[in-house]
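1. Output the structure for:
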Amino acid sequence: MPNEQAPFELILFGGIRLRGPSEEVEHLLVNGKATALLAYLALPTVGRFVRRDTLGGLLWPELDQSRARTSLRKTMHAIRQALGVGALLSRGDEDVALSSGVVWCDASAFTEAADSGFLLAALQLYRGELMPGFHLSECWEFDQWLDEERRAARERASAAAWALAQRLETEEQYSDAAGMARQSVRYSWSDERALRRAVAMLDRLGDRASALRLFEEFARRLRAELDVEPSPETLDLANRIRSGARS
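-> Numbering: from 1, shown residues only. Have a look, this model is predicted:
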């Protein structure tokens, strides 16, 4: 969904960017802990309150609680200096949230759009991996959380593309349906269930060559990146399509 009012945009898909009235705001992202804090408060929804002790333990696991809270306060101060005092909201002494009136986040908007059924709008926001290449040294719990968010975003994008493919097939827009089916696989490339349903749709639409090409592309990547073969169920589907049997 478009940003209609927040002065700052936090972009997390396909890279990490922070845009606002001044180009200098991008310098905040040099601070890895500030970047991580913004992301954690933005996902899955901007405006979600989180306990300070949770944030301290997540981002400064090597420090005791008192020093972790001090580091958190300093990082929050840096964010407020860059984005304004209203960027972070407090609830009592323990909870903090990112203000949706100050910061809009593409990843949060993507989740909202996908879960609300605005599938095309969601896919327009999904422009690549979530925070590609980003990690925090010695912050294992944060990195684990980020990996899970990446997986969830890929699966949500794949599901949105597949739902659109099914809708387009029903509307007899077969070329667009086939494109969305292929896209659903590329969003979540290691998901064999997504691969099989897309291959079956392409075959059903009469495009056996594209169905087999998508299978081969999937199999090559599976071997190259995971050193495994497609499952027997997937191989059986590909063989049936090669033989001309209905999938």
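
2. Now the element after the strand or helix carrying residue 177, going C-ward?
-> According to DSSP states H and E, residue 177 maps onto helix 174-187. Note on helix 174-187: by DSSP H and E, the next helix or strand toward the C-terminus is helix 192-204.

3. about what we covered before: what lies in contact with the helix holding residue 177?
-> The contact list for helix 174-187, computed with Cβ atoms under 8 Å, 6 or more residues apart in numbering, reads 123, 126, 154, 157-159, 161-162, 164-166, 168-169, 191, 194-195, 197-198, 201-202, 205, 207, 210, 214, 218. Quick note: C-beta positions are derived from backbone N, CA and C, even for glycine.

4. Next, the angle from it to helix 192-204.
-> 160 degrees (axes from the mean of the first three to the mean of the last three Cα atoms, to 10 degrees).

5. Just the buried residues of helix 174-187, please?
-> Neighbour-count burial for helix 174-187, counted by 16 or more other Cβ atoms under 10 Å, picks out 174, 177, 178, 179, 180, 181, 182, 183, 184, 185, 186, 187.

6. ditto for stretch 9-18
-> Buried residues in stretch 9-18, defined by neighbour count with 16+ other Cβ under 10 Å: 9, 10, 11, 12, 13, 16, 18.

7. Looking at per-residue confidence, what score does residue 1 get?
-> According to the prediction, residue 1 has pLDDT 54.

8. which ones are touching the spatially most central residue of the chain?
-> In the chain, the residue lying closest to the centroid (Cα atoms, centre = their mean) is residue 153, at 3.2 Å. Taking Cβ under 8 Å, 6+ apart as the contact definition, residue 153 lies against 13, 107, 110, 111, 126, 130.

9. The same query, at a cut-off of 6 Å, please.
-> Residue 153 makes contact with residue 130 under the criterion Cβ atoms under 6 Å, 6 or more residues apart in numbering.

10. Let the chain start at 585 from now.
-> All set: I'll call the first residue 585, so the last point we hit is now residue 737.

11. Doesn't it belong to a strand?
-> No. Under DSSP: H, G, I helix; E, B strand; the rest coil, residue 737 falls outside any strand and is assigned helix.

12. What ranges does this protein have for its helices?
-> For the chain, applying DSSP state H gives helices covering 616-626, 636-643, 649-667, 690-699, 703-709, 724-754, 758-771, 776-788, 792-810, 816-827.

13. from the chain's centre, how far out does the helix holding residue 761 sit?
-> Shown here is helix 758-771, whose average C-alpha point lies 19 Å from the average C-alpha point of the whole chain (Cα atoms, centre = their mean, to the nearest Å).
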